[in-house]
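>>> no sequence on this one, just coordinates:
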């Protein structure tokens, strides 16, 4: 029998044997083959998950590396956040006006830099020229002009000033010239002026007179400068009607300075030296502590010792001050007494600066004249007082005979022994 090859065999799909619900149909002979039923979809069988692998223990070094990396990241994030907070929003693109202004500023800065460089070059050239001409005869000193003062003559200046030969206006040693001039105690400062090309001008500032100091040993007085240095001696001449102190006061008023009398003979002034004597230092302490208004009323001081200083007011009132302690209290007591009895006082003692410790002497007269500043040696009929209350009672007496006899005990109260001695 011949084989029919016109029909191609259909490849059959294998049906799983174990697939549920499938049965093998019997083949019918001589009839067309029925379509094969589609195999049922395979049910996905869930695969068991593999067991989680146990985590390996992190070594200490690995932990440290992880922590370091985390810290670095945190710092980077914080840094970016800080930059954002400082910088803020990005600026908008610059406008043409802003670009033009920025360009102008740049031009100005470049111009200033060029000017600065030019000035620096000029200074360098000037310094080189100065160095080159410093010892040149182009500016040699051919003449020296000096300006004399009241107490320093032109001759004195020329005797002290010696300009070395070959000096120029650029290399002259002005410090040595000033030191030579200050050998004269009247010279306080020296000014120099260079008049190019060949003239040196010298001017002097005199030391101001602060006080005229009269020694207790004779008729010699010394000028004391405002720098506290002795300047030079001067003679004071007395006459029949004028004492040494009176003549010295007239001289001090003419010079516009203070008078200090009765300075101990142990004081030995040297021209140009600093006055360091205890009595004069005590006077200076009183002057510095008194108010300007009160100090202006004082025309003279008496300083036989540092513990026995007194002063005389322009009204002629003598004030015994004692040592330079409690100066503010002493001034307050003096001003209180003077204000209570204007024009009626001769003497005030504030050595003991309390209201019970002060004493004073006044005159019971309506015809009172201002004094010259020097205590008079004449005898005045006056009234004494100890303490502010007693003094007030004494000065208020009118001179009535009956009333005077009644208050005789208070009126004739003797002053303290040392006060009488100071008054005499």
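Nice, thanks for sending it over. The model shown is predicted, which means the values in this text are computed figures rather than measured ones.
>>> ranges for the strands of the stretch 201-350 of the chain?
With strands called from DSSP state E, counting those that start in this stretch, the stretch 201-350 of the chain shows them at 209-215, 220-225, 230-235, 258-263, 298-302, 309-313, 318-322, 345-349.
>>> who wins for proximity to residue 126 among the ones you listed?
Evaluated with C-beta to C-beta, the strands of the stretch 201-350 of the chain place strand 220-225 nearest to residue 126, the distance being 41.3 Å. In short, each C-beta sits where N, CA and C put it, glycine included.
>>> pLDDT wise, what is the residue nearest to residue 219 when sequence neighbours are not counted at?
Once flanking residues are discounted, residue 219 sits nearest to residue 236: 5.2 Å by C-beta to C-beta, 6 or more residues apart in numbering. Confidence at residue 236, expressed as pLDDT, is 91.
>>> residues contacting residue 236?
Listed by C-beta atoms under 8 Å, 6 or more residues apart in numbering, the contact set of residue 236 reads 214, 219-221, 244, 247-248, 251.
>>> so where do the helices sit in the stretch 201-350 of the chain?
Counting by DSSP state H, counting those that start in this stretch, one finds helices in the stretch 201-350 of the chain at the ranges 244-255, 278-289, 292-295, 327-340.
>>> want to throw those into a markdown table with mean neighbour count?
A markdown table is the format used below for the helices of the stretch 201-350 of the chain (neighbours: other C-beta atoms under 10 Å):
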| stretch | mean neighbour count |
| --- | --- |
| helix 244-255 | 19 |
| helix 278-289 | 18 |
| helix 292-295 | 12 |
| helix 327-340 | 17 |
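>>> quote the end-to-end distance of stretch 340-357.
17 Å (C-alpha to C-alpha, to the nearest Å).
>>> in it, what's buried?
Within stretch 340-357, the residues that count as buried by 16 or more other C-beta atoms under 10 Å are 341, 343-351, 353.
>>> quick check: the closest residue to residue 223 other than its chain neighbours vs residue 221, distance?
Spatial nearest neighbour of residue 223, chain neighbours left out: residue 231 (4.1 Å); criterion: C-beta to C-beta, 6+ apart. Note on residue 231: its distance to residue 221, by C-beta to C-beta, to the nearest Å, is 11 Å.
>>> repeat for residue 320
Residue 320 is 23 Å from residue 221, by C-beta to C-beta.
>>> what's the closest of the strands of the stretch 201-350 of the chain to residue 104?
Nearest to residue 104 among the strands of the stretch 201-350 of the chain is strand 220-225 (61.9 Å), distances taken as C-beta to C-beta.
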